[in-house]
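In: sequence unknown, structure follows:
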């Protein structure tokens, strides 16, 4: 027989129900221990530590006040498997039950953390984190692509900084999910789409606001890491807060601690740029003035030099050098001519002494046939043949007998 509900039909206020639950929890669950994986760990300015404990099915909120956090706070680490001891309570203003942890013991690394470390090691061994693969971020980009949720705080922060610092920039918002099972494929596709734009963006900002390890998990997926690595456009990763690190941060060409910081890194402050240009202009004018002063001094020096006042000074010395060279050339020419003339006369004398005319003068003669052939032997002639003999002063014609 079904047990009758003791409060069936009664009407309660929200406060009454909340206080009833609070009393029940605080009366029953005291000094208990709960094991789970730490998630969404954060420390308030007061020093109190807030966190979630989760397993495969459920999530439990927790808080450790600062006096206990001083002793056990180091045991609470994002993604770690821990055992916390304390009392259950209900925060009445929000109607949220939680465990007030008074101790914590580190058991082992959580499943998500282990997956993170495994993929990180794999991609690092493949060289996806290597510095030599990092692309340089352009100093003065004109087109910036922003891949993030179109409704999140990250896009508002980025746009605010970019419009304030460089309102002339062209900003392309590529909307995508940044949390959940469908987020990673969408992020990878957005990166591919950005690389197909014409003209291409100069740089890509990829990120989202802060959250738990689960909230940021899409940026720890391998498909996103490889899409970042394949991008021909430099990628700046800006996921979560300064303490958050994702696989995307390691693969990206540059990591920014927050979306706002990424926007500040990617553009130069307009005021600083104007000041820099003004400084360059001032230095340029100084350089021009210095050049003018130096040129003027050189001009004055040249105009007042003796050469400009008496140009003949410059040519007189050259003319003297020319006369000297001319005289030396004429003397050398005469000497060479005399040498050649003497050698020529000597050669002519030798030629004349050895020539046939000189031989004829000494009483010798030359006998030739009618065709001019010189006869040096008797066998060259025939009886009755007409021949002629050349002597010093003419020819003697005769016949052979």
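Out: Everything's here; your move. Please read these numbers as outputs of a predicted model, since none were measured by experiment.
In: could you pull out the buried residues of stretch 238-258?
Out: The neighbour-count check on stretch 238-258 (16 or more other CB atoms under 10 Å) flags 238-240, 244-258 as buried. C-beta: built from backbone N, CA, C; applies to glycine.
In: in strands only, show me those.
Out: 238, 239, 254, 255 (DSSP state E).
In: return the member of those residues nearest to residue 73.
Out: residue 239 (24.5 Å; CB to CB).
In: the closest one and residue 247 touch, don't they?
Out: No: using CB atoms under 8 Å as the test, residue 239 is too far from residue 247 to be in contact (9.6 Å).
In: where does the stretch 251-400 of the chain dip in pLDDT?
Out: 269-274, 306-314, 354-355, 357-360, 363 (pLDDT under 70).
In: would you map the helices across it?
Out: Secondary structure of the stretch 251-400 of the chain, counting by DSSP state H, counting those that start in this stretch: helices at 259-266, 270-303, 306-309, 312-354, 356-361.
In: how about those in a markdown table, adding mean neighbour count and distance to residue 180?
Out: Below are the helices of the stretch 251-400 of the chain laid out as a markdown table (neighbours: other CB atoms under 10 Å; distance: least, CB to CB, whole Å):
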| stretch | mean neighbour count | distance to residue 180 |
| --- | --- | --- |
| helix 259-266 | 23 | 19 |
| helix 270-303 | 10 | 38 |
| helix 306-309 | 11 | 86 |
| helix 312-354 | 10 | 90 |
| helix 356-361 | 12 | 125 |
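In: ok, which of these comes nearest residue 66?
Out: Using CB to CB, the nearest of those to residue 66 is helix 259-266, at 28.5 Å.
In: show me what the closest one packs onto, helices and strands only.
Out: helix 153-165, strand 203-208, strand 235-239 (3 or more CB pairs under 8 Å, 6 or more residues apart in numbering; DSSP states H and E).
In: how far does the following helix or strand past the first one sit from its chain's centre?
Out: In this case it means helix 153-165. Beyond helix 153-165 on the C-terminal side, the first helix or strand identified by DSSP states H and E is strand 170-175. What separates the centre of strand 170-175 from the centre of its chain is 24 Å, taken as CA atoms, centre = their mean, to the nearest Å.
In: before we move on, what about stretch 60-74?
Out: Counting by CA atoms, centre = their mean, stretch 60-74 comes out at 46 Å from the chain centroid.
In: could you do stretch 62-75 as well?
Out: With CA atoms, centre = their mean, you get 46 Å for stretch 62-75.
In: and for stretch 67-87?
Out: 45 Å.
In: what does that stretch contact?
Out: 26, 29-39, 41, 43, 47-49, 51, 53, 62, 64, 99-110, 112-113, 116, 213 (CB atoms under 8 Å, 6 or more residues apart in numbering).
In: please spell out the ChimeraX selection for the buried subset of those.
Out: Only the buried entries of those go into this ChimeraX selection, using 16+ other CB under 10 Å:
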select :34,36,37,38,39,41,43,48,49,51,53,62,64,99,100,101,102,104,109,110,112,113,116,213
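In: how close does the most centrally placed residue in the chain get to residue 147?
Out: The chain has residue 136 as the residue nearest its centroid, 4.2 Å off, counting by CA atoms, centre = their mean. Distance, residue 136 to residue 147, by CB to CB, to the nearest Å: 20 Å.
In: likewise residue 120?
Out: In terms of CB to CB, residue 120 sits 22 Å off from residue 147.
In: cool, and residue 84?
Out: Relative to residue 147, and taking CB to CB, residue 84 is found at 37 Å.
In: again, but for residue 73
Out: 35 Å.
In: higher neighbour count, those two?
Out: residue 147 (24 against 18; other CB atoms under 10 Å).
In: can you tell me the helix or strand for that one?
Out: strand 143-148.
In: buried set for that strand?
Out: Those would be 143, 144, 145, 146, 147, 148, for strand 143-148 by 16+ other CB under 10 Å.
In: as TSV, those with distance to residue 199 and pLDDT would be great.
Out: Formatted as TSV, these follow (distance: CB to CB, whole Å; pLDDT from 0 to 100):
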residue	distance to residue 199	pLDDT
143	7	94
144	12	95
145	11	96
146	16	97
147	17	97
148	21	96
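In: so what are the domain limits for this protein?
Out: Here the domain parsing of the chain from automatic domain parsing is 14-109, 114-268, 308-351, 357-399.
In: how about those domains, which one is nearest residue 276?
Out: Of all those, domain 114-268 comes closest under CB to CB, at 8.2 Å.
In: give me the distance between the residue nearest to the centre of the chain and residue 203.
Out: Distance from residue 136 to residue 203, by CB to CB: 10 Å.
In: what of residue 79?
Out: 31 Å.
In: span of stretch 133-141 from start to end?
Out: Across stretch 133-141, the terminal residues are separated by 20 Å (CA to CA, to the nearest Å).
In: what residues does it touch?
Out: Everything outside stretch 133-141 that qualifies as a contact, by CB under 8 Å, 6+ apart, is 127, 169, 201-203, 229, 233-236, 253-254, 265-268.
In: and with 10 Å instead?
Out: 127, 144, 166, 169-170, 201-203, 229, 231-236, 251-254, 265-268, 273 (CB atoms under 10 Å, 6 or more residues apart in numbering).
In: what's around residue 392, how many residues?
Out: Counted with other CB under 10 Å, residue 392 comes out at 13.
In: same check on the one 5 residues further on?
Out: The burial count assigned to residue 397 is 9, neighbours taken as other CB under 10 Å.
In: name the nearest residue to residue 170, ignoring sequence neighbours.
Out: Leaving out its chain neighbours, the residue that sits closest to residue 170 by CB to CB, 6 or more residues apart in numbering is residue 143, at 4.6 Å.
In: ok, that neighbour to residue 213 distance?
Out: 33 Å.
In: what do you get for residue 368?
Out: Counting by CB to CB, the gap from residue 368 to residue 213 is 129 Å.
In: any chance of the helices and strands packed on helix 259-266 in a markdown table, plus distance to residue 325 and mean pLDDT?
Out: Putting those into a markdown table (distance: least, CB to CB, whole Å; pLDDT from 0 to 100) gives the following:
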| stretch | distance to residue 325 | mean pLDDT |
| --- | --- | --- |
| helix 153-165 | 74 | 91 |
| strand 203-208 | 72 | 96 |
| strand 235-239 | 76 | 95 |
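In: ok, which of the ones you listed comes nearest residue 278?
Out: Using CB to CB, the helices and strands packed on helix 259-266 put helix 153-165 closest to residue 278, at 17.6 Å.
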